[in-house]
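Engineer: sequence? don't have it. structure:
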């Protein structure tokens with residue numbers, strides 16, 4: 001990495017934009033700290049992937065990982081919706097918070113759309129543009145060319161170009177720069193470890209900032225997309241937004257260090273530490289889920305003939321840990337009086353907790369499960 005040059009600033013008249021160099025080239029990794037972290041990251045990611053292969057009904061639990069990722073990634077961009085609010089239906093969200101809520105929901109839709117597309121579509125610019133289109137559909141950024149690379153200059157930080165923290169490359173160079181990323185993704189002539197490759201792709205994407213809005217969220221989504229497309233993960237269960245949010249200043253600083261000093265080493269170390277820590281947290285969460293699942297299933301046996309319907313409610317709750325009597329009736333296909341009785345049983349077992357405090361429109365939360373994602 002000693003000979004890597006990140007790019008240069010070029011004059012655009014009254015401001016200078018950063019023009020990154022192409023990345024579709026061989027990188028020689030000779031830093032032992034990076035190689036040691038890479039070994040650890042590969043190992044921890046492999047352990048995390050084992051859960052997706054051997055946990056029964058893993059898809060029940062993935063939706064909560066996606067929800068957490070959606071709230072944390074959106075939070076980096078200033079959205080205030082938390083995981084509790086993200087679980088609610090639109091009509092239960094106050095009007096002044098609905099735009100934030102809708103952006104989080106779009107993030108989930110974009111993730112689900114792209115993962116489904118990856119079954120038949122390669123990781124490509126088409127996939128990236130499609131993800132962006134879903135992300136901005138019907139929300140604040142819908143007027144900012146969803147699904148299209150920008151046709152004007154943008155900037156990061158500051159109110160105008162004059163006080164911007166960073167100015168990405170001029171828009172006329174975006175097609176070539178993004179095409180270079182696509183070539184890099186699929187280039188098998190040069191060997192670069194996959195985790196360093198996606199770390200490089202994420203850095204380059206954020207530096208190019210190819211869209212007028214949503215670049216940070218799309219850039220973070222590229223990480224699980226890449227890992228799934230390469231078969232490194234069987235399911236999309238690694239999300240770095242929580243790590244980036246908790247280390248927000250380091251995240252931005254390490255991206256800038258590459259641009260200003262061509263220091264890929266520091267960025268790679270930060271990125272790999274994020275994968276190691278996030279993988280370990282994911283392993284711990286899945287382990288806790290299995291223990292909770294075992295405990296809860298033992299608890300509902302005391303319900304006798306109602307245990308089968310309680311199990312149906314629990315399967316719903318693992319996907320979305322908030323429920324009301326109407327939904328419980330729909331899930332179990334039992335009458336409303338029987339649904340109220342079943343919920344009361346689950347309250348007595350301390351599996352559900354009523355959170356509204358009202359007599360009508362009651363909502364019940366599977367708190368022990370929800371807390372695993374906070």
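Structural biologist: Structure's in. What do you need? Keep in mind the model is a prediction, meaning the values are calculated, not measured.
Engineer: only C-alpha atoms for contact and neighbour calcs from this point on.
Structural biologist: Noted.
Engineer: which element is the residue nearest the centre of the chain on?
Structural biologist: Computing the C-alpha centroid of the chain and ranking residues by Cα atoms, centre = their mean puts residue 69 first, at 3.8 Å. Using DSSP states H and E, the element containing residue 69 is helix 58-76.
Engineer: packing partners for that helix?
Structural biologist: Contacts defined by 3 or more Cα pairs under 8 Å, 6 or more residues apart in numbering; DSSP states H and E place helix 58-76 against helix 83-86, helix 98-117, helix 215-229, helix 241-246, helix 307-319.
Engineer: which one of the ones you listed lies closest to residue 156?
Structural biologist: Evaluated over the helices and strands packed on helix 58-76, closeness to residue 156 peaks at helix 215-229, with 10.5 Å, by Cα to Cα.
Engineer: contacts for that closest one?
Structural biologist: Residues from elsewhere that reach helix 215-229 (Cα atoms under 8 Å, 6 or more residues apart in numbering): 73-74, 77, 107, 111, 114-115, 118, 122-123, 128, 131-132, 198-199, 202, 205-206, 209, 233-241.
Engineer: Roughly how far does the residue nearest to the centre of the chain sit from residue 57?
Structural biologist: According to Cα to Cα, to the nearest Å, residue 69 and residue 57 sit 20 Å apart.
Engineer: Also residue 338?
Structural biologist: 27 Å.
Engineer: Between those two, tell me which one has more neighbours.
Structural biologist: More crowded of residue 338 and residue 57, by other Cα atoms under 10 Å: residue 338, with 16 against 12.
Engineer: Give me the three-state assignment for the more buried one.
Structural biologist: helix (DSSP: H, G, I helix; E, B strand; the rest coil).
Engineer: The helices and strands packed on helix 58-76: which one's closest to residue 266?
Structural biologist: helix 241-246 (14.8 Å).
Engineer: so the following helix or strand past that closest one versus helix 58-76, what angle?
Structural biologist: Downstream of helix 241-246, the next assigned helix or strand under DSSP H and E is helix 248-261. With axes from the mean of the first three to the mean of the last three Cα atoms, to 10 degrees as the basis, helix 248-261 and helix 58-76 are set at 70 degrees to each other.
Engineer: where along the stretch 151-300 of the chain do the helices fall?
Structural biologist: Assigned by DSSP state H, counting those that start in this stretch, the stretch 151-300 of the chain shows helices spanning 174-186, 194-208, 215-229, 241-246, 248-261, 264-300.
Engineer: quick one, the longest one and helix 58-76 angle?
Structural biologist: Just to be clear, that refers to helix 264-300. 130 degrees.
Engineer: of all the helices and strands packed on helix 58-76, which lies closest to residue 277?
Structural biologist: helix 241-246 (7.9 Å).
Engineer: Run through who's touching that closest one.
Structural biologist: Residues contacting helix 241-246 (Cα under 8 Å, 6+ apart): 69, 72, 73, 75, 76, 220, 251, 274, 277, 278.
Engineer: Could you check how far the third one is from residue 217?
Structural biologist: The reference is to residue 73. 6 Å.
Engineer: List the contacts of residue 308.
Structural biologist: Counted by Cα under 8 Å, 6+ apart, residue 308 has zero contacts.
Engineer: Can you check what pLDDT the model gives it?
Structural biologist: As predicted, residue 308 sits at a pLDDT of 96.
Engineer: repeat for residue 1
Structural biologist: 63.
Engineer: One more: the one 4 residues further on?
Structural biologist: Reading off the confidence values, residue 5 has pLDDT 95.
Engineer: Chain neighbours aside, what residue packs nearest to residue 106?
Structural biologist: Distance criterion Cα to Cα, 6 or more residues apart in numbering; nearest residue to residue 106, sequence neighbours excluded, is residue 135 at 5.0 Å.
Engineer: sorry, that was for residue 297
Structural biologist: Residue 297 sits nearest to residue 311 (Cα to Cα, 6+ apart), 7.5 Å away.
Engineer: where does the stretch 201-350 of the chain have low pLDDT?
Structural biologist: The stretch 201-350 of the chain contains no residues with pLDDT under 70.
Engineer: one step back: okay if I get the helices of the stretch 151-300 of the chain as TSV plus distance to residue 346?
Structural biologist: As requested, the helices of the stretch 151-300 of the chain are arranged in TSV below (distance: least, Cα to Cα, whole Å):
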stretch	distance to residue 346
helix 174-186	49
helix 194-208	44
helix 215-229	36
helix 241-246	32
helix 248-261	40
helix 264-300	8
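Engineer: who wins for proximity to residue 148 among those?
Structural biologist: Of all the helices of the stretch 151-300 of the chain, helix 174-186 sits nearest to residue 148, with 10.6 Å by Cα to Cα.
Engineer: Could you list the buried residues of that closest one?
Structural biologist: 174, 177, 178, 180, 181, 182, 184, 185 (16 or more other Cα atoms under 10 Å).
Engineer: swap in stretch 155-164?
Structural biologist: Buried residues in stretch 155-164 (16+ other Cα under 10 Å): 155, 161.
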